[in-house]
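In: I would like the atomic coordinates for the input below:
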Amino acid sequence: MGTIRLTMAQALLKFLDQQYLSVDGRETKFVHGVMGIFGHGNVTGIGEALERSPGSLVYIQGKNEQGMVHAAAAFAKQSARRRIMACTTSIGPGALNMVTAAATATVNRIPVLLLPGDNFASRQPDPVLQQLEVPGDYTVSANDPFKAVSRYWDRIVRPEQLMSAALQAMRVLTNPAETGAVTLALPQDVQAEAYDYPEEFFTRRVHYVDRQPASKEAVKRAADLLRGKKRPLLIAGGGVLYSGAMEELKEFAEAFHIPVAETQAGKSSLPWNHPLNTGGVGVTGTSAANRLAREADLIIGVGTRYSDFTTASKSAFGHPEVQFLNLNVSAFDSAKWGGAAIQADAAEGLAALREALTGEGDSPYRSGYAEGEIAALKREWEAEVDRLYALEHEEGLAQTRALGVIQESIGAGSVVVCAAGSLPGDLHRLWRPEEPRTYHMEYGFSCMGYEVSGAFGAALADPDREVYALVGDGSYLMLHSELITSLQEGRKITVLLFDNHGFQCIHNLQRGHGSDGFGNEFRYREKETGRLTGGYLPIDFAAHARSLGAASYKASTAEELRQAIADAKKENRTTLIEIPVVPGTNTDGYESWWNVGVPEVSESGKVVEAHQEMKKRIQAAKPF
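Out: Residues are numbered from 1 along each chain as shown. Below is the predicted model of the structure:
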């Protein structure tokens, strides 16, 4: 066996360039490229390798370390986790800037490969610029915080260690049940050290993602459980989309007349107008789905991790004999709620369970919902959506009215990207996707600042679709740097910026729990009171976008918004539309509750009253 003498960084790129993923017999090049921001921790190591010997890997220059990891995660999400981007940074602050985005990827079960620079392994220039010194443990660096937010973490202190670490990294990145952020900390001197690597390490390597079948025993237990239930409810999570199990979900629901509710990650698993799709469930759910959830005697969770928003802080399921059936590739998630578990791929599990319920010798199962019951709930909710989409407000443009105009204007094949604020709630309830993966929501971490970066990543992965970032002014101000990257790369995105003068989602939450409102609006500080209660800050977001090189428009009415979207479609570069909306015109309620914790003691009677209400809700919720 021959060898090739390469630096560790050169060997890493050469290895990554030869990784492929095979799903259902279809091979895809797994690592598309590397996003990076260079500094003294990586510019002469992996930076030199990217400059001189990148192979077919694409290099994309990030503008903010957190933003570029969000873009990489969105790229993987939009690619159904079948392609990834790696991200490289310098040591210290450059590396630490990726931690938030690493957590976002891990919480959402999205594969990203992080390659932060690290301290000199030799310790010759000790301490090096930006080195974190921990007197009690000198092995700790600024990269150790990644341990808490990574599914796999390693530090390569000798060039030959790369071989075992790289294989372990691929194991996690390609595993549907284990995936998330993978961090390989790369000391800056080791990146440049050479080693005689075996040629075999660089051969074309195919990672086979075999669909995990359901065990016969688990399927039988599940079928027996389901046969004894009259009011089951399917909850479709992100695992349905990642598995590509949309048709299996549809066929299963239709075969047994079971209504389907969707999590944020699972939305678009069924077309919105399918007769059995009752929309979002939980805190940001529809009245139709939440009523069905309250009365369901069996919850069939498919590819969901049961976040508190999905379960309305464990208060959504009110039937005294409700039980859970969890179909998930992850044993961790399938064990939740003490449910009966089918640990399997979503498509495989649904198909096997359907066959068991319609097999020879048994009477075909059918739910006990009354004729027209689901349809009536759905009609009632769709009428409410129509009302909210058409809602006029005397003070200006209502947020729900703006969403109605956007829905009718952008086209069914367009992708909408969102993450935080009041927009995710409105979109989960109101948005009407017709095609899978056109609804791209990061709501596992609900990370403010994901939206613009995520839209760029989605456009990078799906260049034939129009991609729209729906973002509040608060999130936009936190992180919009990759808007410039989208211009640099010629990947057009359209940013729909909802300007409601602050963090109005949290302002609403605050006031709904006894507060008079404090610290959440973008106002001037008043000299008399010392509080942020003066006039609104006059921020011209359209002008800001133009200053960065984007096209921009401002739309204050429904007609102006409709025209601005039409004009934006004609643009060949990234475009921002500033949309001033009336604060507080988002949706709320619809028979759900969210436990946020309210002070037991306060100078305000309203707060104490809200605490008592919270206690009642907790007592009525499920204990586990």
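In: what about stretch 86-94, distance to the chain center?
Out: For stretch 86-94, the gap between its own C-alpha mean and the chain's C-alpha mean amounts to 22 Å (C-alpha atoms, centre = their mean, to the nearest Å).
In: Over to stretch 591-610?
Out: Using C-alpha atoms, centre = their mean, the offset of stretch 591-610 from its chain centre is 29 Å.
In: quick one: terminal-to-terminal distance for that stretch?
Out: End-to-end distance of stretch 591-610 (C-alpha to C-alpha, to the nearest Å): 17 Å.
In: can you check stretch 570-579 too?
Out: OK, stretch 570-579 end separation, C-alpha to C-alpha: 19 Å.
In: now swap in stretch 487-501 and tell me
Out: Using C-alpha to C-alpha, one end of stretch 487-501 lies 27 Å from the other.
In: Residue 507 belongs to a helix?
Out: Yes - using DSSP: H, G, I helix; E, B strand; the rest coil, the assignment for residue 507 is a helix.
In: That one: what's it in contact with?
Out: Residue 507 is in contact with 517, 520-521, 583, counting by C-beta atoms under 8 Å, 6 or more residues apart in numbering. C-beta: built from backbone N, CA, C; applies to glycine.
In: And residue 571, by the same measure?
Out: Residue 571 is in contact with 492, 551, counting by C-beta under 8 Å, 6+ apart.
In: quick one: it and residue 244, what's the gap?
Out: Distance of residue 571 to residue 244, given as C-beta to C-beta, to the nearest Å: 33 Å.
In: How about residue 213?
Out: Using C-beta to C-beta, residue 213 is found at 16 Å from residue 244.
In: Comparing the two, which residue is more hemmed in?
Out: A count of neighbours by other C-beta atoms under 10 Å puts residue 244 above the other of residue 213 and residue 244, at 18 against 14.
In: List buried residues within the contacts of residue 507.
Out: By neighbour count, with 16 or more other C-beta atoms under 10 Å, these hold 520-521, 583 as buried.
In: closest to residue 42 among those residues?
Out: Taking C-beta to C-beta as the measure, residue 42 lies nearest residue 520 of the buried ones among the contacts of residue 507, at 38.3 Å.
In: List the contacts of the closest one.
Out: Taking C-beta under 8 Å, 6+ apart, we find residue 520 in contact with 502-504, 506-507, 510.
In: same deal with residue 85?
Out: Residue 85 makes contact with 31-35, 60, 71-72, 75-76, 112-113, 457, according to C-beta under 8 Å, 6+ apart.
In: Distance check, the closest residue to residue 535 other than its chain neighbours against residue 502.
Out: Excluding its sequence neighbours, the residue lying closest to residue 535 (C-beta to C-beta, 6 or more residues apart in numbering) is residue 524, at 5.6 Å. From residue 524 across to residue 502, the span is 12 Å (C-beta to C-beta).
In: between these two, who's got more neighbours?
Out: Looking at residue 524 and residue 502 with other C-beta under 10 Å, you find the greater number of neighbours at residue 502, namely 22 against 12.
In: Do I have it right that the residue nearest to residue 535 meets residue 538?
Out: No - Residue 524 is not in contact with residue 538 according to C-beta atoms under 8 Å; the separation is 9.9 Å.
In: Three-state assignment for residue 270, please.
Out: Residue 270 is classified as coil under three-state DSSP.
In: can you tell me how far it sits from residue 262?
Out: From residue 270 to residue 262 the distance is 7 Å (C-beta to C-beta).
In: before we move on, the earlier item: can you give me every residue that contacts the residue nearest to residue 535?
Out: By C-beta under 8 Å, 6+ apart, residue 524 lies in contact with 532, 534-535, 537.
In: For the residues you listed, work out which two are farthest apart.
Out: Longest span within those, C-beta to C-beta: 532 and 535, 10.6 Å.
In: Which one of the two is surrounded by more residues?
Out: Comparing residue 532 with residue 535 by other C-beta under 10 Å, the one with more neighbours is residue 532, at 16 against 9.
In: next one: phi and psi at that one?
Out: In terms of degrees, to the nearest 10, the main-chain angles of residue 532 are phi -80, psi 70.
In: Backbone dihedrals for the nearest residue in space to it that is not next to it in sequence, please?
Out: Excluding the flanking residues, the one nearest residue 532 by C-beta to C-beta, 6+ apart is residue 523, at 4.8 Å. Residue 523 adopts backbone torsions of phi -120, psi 160, taken as degrees, to the nearest 10.
In: Find me the pLDDT at residue 523, would you?
Out: Predicted confidence (pLDDT) for residue 523: 91.
In: can you pull up the bridge partners for it?
Out: residue 536 (DSSP bridges).
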